[in-house]
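In: Next comes the sequence, and after it the predicted model I'd like to discuss.
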Amino acid sequence: MQRYLVGRLLALIPVLLGILVVVFLLIRLIPGDAVQLFLGTQVEMTPEQMAELRRFFGVDKPLWAQFVDYLSRVLRGDFGVSLRTSRPVLPDILQRLPLSFQLATLALVVAVALAVPLGIASAVTRNSALDLAVRVGGLLGLSMPNFWLGAMLILLFSRYLHVSLGQYTPITVNPVATLQSLYLPALALGAAIAAILMRYVRSSLLEVLGQDYVRTARGKGLREQVVLLHHALPNALIPVITVAGFQMGYLLGGTVVIEGIFALPGMGRLVLQAIFQRDYPVVQGVVLVIAFLFVLTNLVVDLLYAWIDPRIRYQ
């Protein structure tokens, strides 16, 4: 296991380097440079002043030299300076990251809490009315955009149920207030994820229930509940964990619109404002952080395999 873990950590290096290259080049493909974005269209400057600003931002160098300079700064933890606020990018991202992580985690918890029991119920009552209702509900969950569901939840709770959503409070200050401000956005994000996971739970469990060892367990006289929970379900959850891991990475980068709808000061809202303001250093920094968290999440998912199924060993 240790050799596997070391190998996976070493494999992250070329992946992250490739992400750095792609993000760097995509930002540079956008028309204009940092100087033009910084000045806008209302400021007129002499050629000498423009050259000095280009030297200050480092865009007067060849592209390969800009990348080497950018890579060296990233390795030192310097993600650049915002063009709009003139503040370092990384501290702003780290300040907002906990909220986005809490929201993504809570959304995944909501999704799993809905998907696993519904998927089990749908599988054990195959072709029944309950199975049909669960599958139709899953299709509805997949069809509803999270921003529309978020807006409908705000309308329902604020106008008709007269429930105040409250402003975000850090979890270290008041965990209950944090939960009160995040449960609706988490539900809006987790509904589609729950529909996806529910379908995987159902199909995987149906496949496992048809295996020989499940029939053997039933032939030994074990109760159906024991067969389901102790023999079938642990093996059926392995592909579900893979999908859940990918969805966690998606949630970390998919909170942009939801944070804007619910006015949450998270990383998604930060990058949304940066896109509107064409603040590309902030966009670039957020993309790098999300990519790193996505890769790290996949590593954690792989390590969970051995914990769930003792038959799996990494050599």
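Out: Right, received. Where do you want to start? Numbering: from 1, shown residues only.

In: Against which helices or strands is the helix or strand containing Pro117 packed?
Out: Pro117 is located in helix 89-124, with elements delineated by DSSP states H and E. With contacts taken as 3 or more Cβ pairs under 8 Å, 6 or more residues apart in numbering; DSSP states H and E, helix 89-124 sits against helix 129-143, helix 175-209, helix 233-253, helix 256-261, helix 267-276, helix 280-308. Glycine gets a C-beta too; all of them are placed from N, C-alpha and C.

In: So Arg215: helix, strand or coil?
Out: For Arg215, the assignment made with DSSP: H, G, I helix; E, B strand; the rest coil gives helix.

In: what about it, how many neighbours?
Out: Arg215 is flanked by 12 other residues according to other Cβ atoms under 10 Å.

In: do Val295 as well
Out: 16.

In: Leu155 too?
Out: For Leu155, using other Cβ under 10 Å, the count is 11.

In: Equivalent analysis for the one 10 residues further on, please.
Out: Number of residues near Leu165 (other Cβ under 10 Å) recorded here: 17.

In: quick one, what contacts it?
Out: With contact set as Cβ atoms under 8 Å, 6 or more residues apart in numbering, Leu165 has these partners: Ile154, Phe157, Ser158, Gln180, Ser181, Leu184, Phe262.

In: The last one: what's it in contact with?
Out: Put plainly, it is Phe262. If you count contacts by Cβ under 8 Å, 6+ apart, then Phe262 has Gly150, Ile154, Leu165, Leu184, Pro185 around it.

In: my guess is the last one meets Ser100, correct?
Out: No - under the contact definition of Cβ atoms under 8 Å, Pro185 does not touch Ser100, with a separation of 10.6 Å.

In: related to what we said a few turns ago, now the contacts of Leu165: which count as buried?
Out: Neighbour-count burial (16 or more other Cβ atoms under 10 Å) applied to the contacts of Leu165 gives Ile154, Gln180, Ser181, Leu184, Phe262.

In: which one among the residues you listed gets closest to Ala11?
Out: Nearest to Ala11 among the buried ones among the contacts of Leu165 is Phe262, at 36.9 Å by Cβ to Cβ.

In: From Tyr280, how far out is the closest one?
Out: 26 Å (Cβ to Cβ, to the nearest Å).

In: Same question for Pro185.
Out: Separation of Pro185 from Tyr280 (Cβ to Cβ) stands at 27 Å.

In: repeat for Leu209
Out: Taken as Cβ to Cβ, the span from Leu209 to Tyr280 is 52 Å.

In: residues touching Ala111, list them.
Out: So Ala111 contacts Gly190, Ala191, Ile193, Ala194, Ile196, Leu197, Ala244, Gln247 (Cβ under 8 Å, 6+ apart).

In: which residues sit in contact with Glu259?
Out: Glu259 touches Leu99, Ser100, Leu103, Pro185, Pro265, Gly266, Met267, Gly268, Arg269, Leu272, counting by Cβ under 8 Å, 6+ apart.

In: rerun at 7 Å
Out: Residues counted as contacts of Glu259 (Cβ atoms under 7 Å, 6 or more residues apart in numbering) are Gly266, Gly268, Arg269.

In: any idea how far it lies from Gln102?
Out: Distance from Glu259 to Gln102, by Cβ to Cβ: 12 Å.

In: Pro185 and Ser100: which is more packed in?
Out: Ser100 (30 against 25).

In: can I assume that one is in contact with Leu270?
Out: No - counting by Cβ atoms under 7 Å, Ser100 does not reach Leu270; the two are 8.9 Å apart.

In: Pull the number of nearby residues for the closest residue to Ala274 other than its chain neighbours.
Out: Counting by Cβ to Cβ, 6 or more residues apart in numbering, Ala274 lies nearest to Val282, which is 3.8 Å off, once chain neighbours are set aside. For Val282, the count of nearby residues is 26 (other Cβ under 10 Å).
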